[in-house]
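J.: Starting from these lines, generate the structure:
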Amino acid sequence: MKKLTISVIIYSLMLQLLIGCYSSNYLSYNELKEYKDNNDVVITTTDTTEYTLKRDSSYHYYSNWKFVDNRIEWTESKMMPQKDNPTRRALTTTNTTLTENEILKISVEEFDGTKTVLLSVGILAVILAIGAATFDPLPKGSLLK
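T.: Numbers count the residues shown, from 1 in each chain. Sure, this is the predicted structure:
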């Protein structure tokens, strides 16, 4: 049981170090115009619809967005495999426009190094505490006393 507990804790530590912690950072409309990081931006409208402005584009997905007056316009293009023939792909394009008044909040998921370090140190402390609590220097029935 001790080995199982320790292995689960070590696995969770490794997972935490690889993934890390993310925090939501909320931006105003004007701050979004100046935002230069590579994180995806999530826009929630007043009717609780969420739109994601992606920063990365690839062969299968292309996103282009820009500011025009007091609105955001973006185009998304996706290559979708066909059900009858997976080698054929159909291009679907979506055009969306949101005005500044329709936007309820704008959030960005950003990596939080402080939380990641604190959580990793906490997991290590738990591992060491369990190890110290279960350490038996002289097993019962030992001839040495």
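J.: mind listing the strands for the protein?
T.: For the chain, the strands defined by DSSP state E cover 22-27, 41-45, 50-53, 61-68, 71-81, 89-99, 103-111.
J.: so what strands line up beside the fourth one?
T.: Spelled out, it's strand 61-68. Here the strand partners of strand 61-68, with direction, are listed using DSSP bridges: strand 71-81 (antiparallel).
J.: Using CSV, write down the CA coordinates of the strand it pairs with.
T.: Taking only C-alpha atoms (Å, rounded to 0.1, in the frame of the first residue of the first chain), the coordinates of strand 71-81 have been written out as CSV:
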residue,chain,number,x,y,z
ARG,A,71,-16.0,45.8,-33.4
ILE,A,72,-14.0,42.6,-33.8
GLU,A,73,-14.2,40.7,-37.0
TRP,A,74,-12.7,37.3,-37.5
THR,A,75,-12.7,34.5,-39.9
GLU,A,76,-12.1,30.8,-39.1
SER,A,77,-11.4,28.2,-41.7
LYS,A,78,-11.3,24.5,-40.9
MET,A,79,-10.5,21.5,-43.0
MET,A,80,-13.0,18.8,-42.1
PRO,A,81,-12.7,15.1,-43.2
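J.: Name the surrounding residues that touch that strand.
T.: Strand 71-81 has contacts (C-beta atoms under 8 Å, 6 or more residues apart in numbering) with 43, 53-54, 59-67, 88-100, 103. From N, CA and C alone the C-beta is placed, and that goes for glycine too.
J.: Nearest approach to Ile130 belongs to which of the strands of the chain?
T.: Comparison of the strands of the chain against Ile130 by C-beta to C-beta identifies strand 22-27 as nearest, at 27.8 Å.
J.: What's opposite Tyr61 in the beta bridge?
T.: Assessed by DSSP bridges, Tyr61 has beta-bridge partners Lys78.
J.: mind listing what it touches?
T.: Under the criterion of C-beta under 8 Å, 6+ apart, the contact partners of Tyr61 comprise 54, 76-79.
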